[in-house]
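Novice: with the sequence up front, the predicted model follows.
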Amino acid sequence: MLVLTRKVGEKIYLGDDVVITVTAISGQQVRLGFTAPPEVSILRNELLVRGNSTADAVEAQAVEEGRRQRPLRMFRPGRVHESV
């Protein structure tokens with residue numbers, strides 16, 4: 001496991017296509033922004049740990065975020081998508 005220390009505004013690059021940006025730090029909570037191509041799924045670990053398949057985890061994340069009635073928002077290259 002690689003462990004890094006980052007400050008707000010600093011970025012981490014995964015390969016050529018994925019960028020993780022530290023957007024905010026407040027106490028024990030860190031807010032991250034992700035830039036990734038549409039074919040890259042970005043899911044919170046707790047949804048997969050519940051025993052869900054990846055597709056079920058995507059739907060569960062949408063329900064938790066109040067997006068059940070709308071189609072899932074795909075990650076697009078060059079756009080920043082924040083995780084709470």
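Specialist: Good, I have the coordinates.

Novice: from here on, contacts and neighbour counts on C-alpha atoms
Specialist: Will do.

Novice: what segments of this protein are strands?
Specialist: Taking DSSP state E as the criterion, the chain contains strands spanning 11-14, 18-26, 29-35, 81-83.

Novice: JSON lines for those, including distance to Val3 and mean neighbour count?
Specialist: Putting those into JSON lines (distance: least, Cα to Cα, whole Å; neighbours: other Cα atoms under 10 Å) gives the following:
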{"stretch": "strand 11-14", "distance to Val3": "11", "mean neighbour count": "12"}
{"stretch": "strand 18-26", "distance to Val3": "14", "mean neighbour count": "16"}
{"stretch": "strand 29-35", "distance to Val3": "15", "mean neighbour count": "17"}
{"stretch": "strand 81-83", "distance to Val3": "20", "mean neighbour count": "15"}
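
Novice: out of those, nearest to Arg44?
Specialist: Checking the strands of the chain against Arg44 by Cα to Cα gives strand 81-83 as the closest, at 8.6 Å.

Novice: ok, of the strands of the chain, where does mean pLDDT dip lowest?
Specialist: The weakest mean pLDDT among the strands of the chain belongs to strand 81-83, with a mean of 51.

Novice: give me phi/psi at Val40?
Specialist: Phi and psi for Val40, reported as degrees, to the nearest 10, are phi -100, psi 120.

Novice: and it, what pLDDT?
Specialist: For Val40, pLDDT reads 83.

Novice: so how far is Asp16 from it?
Specialist: Distance, Val40 to Asp16, using Cα to Cα, to the nearest Å: 12 Å.
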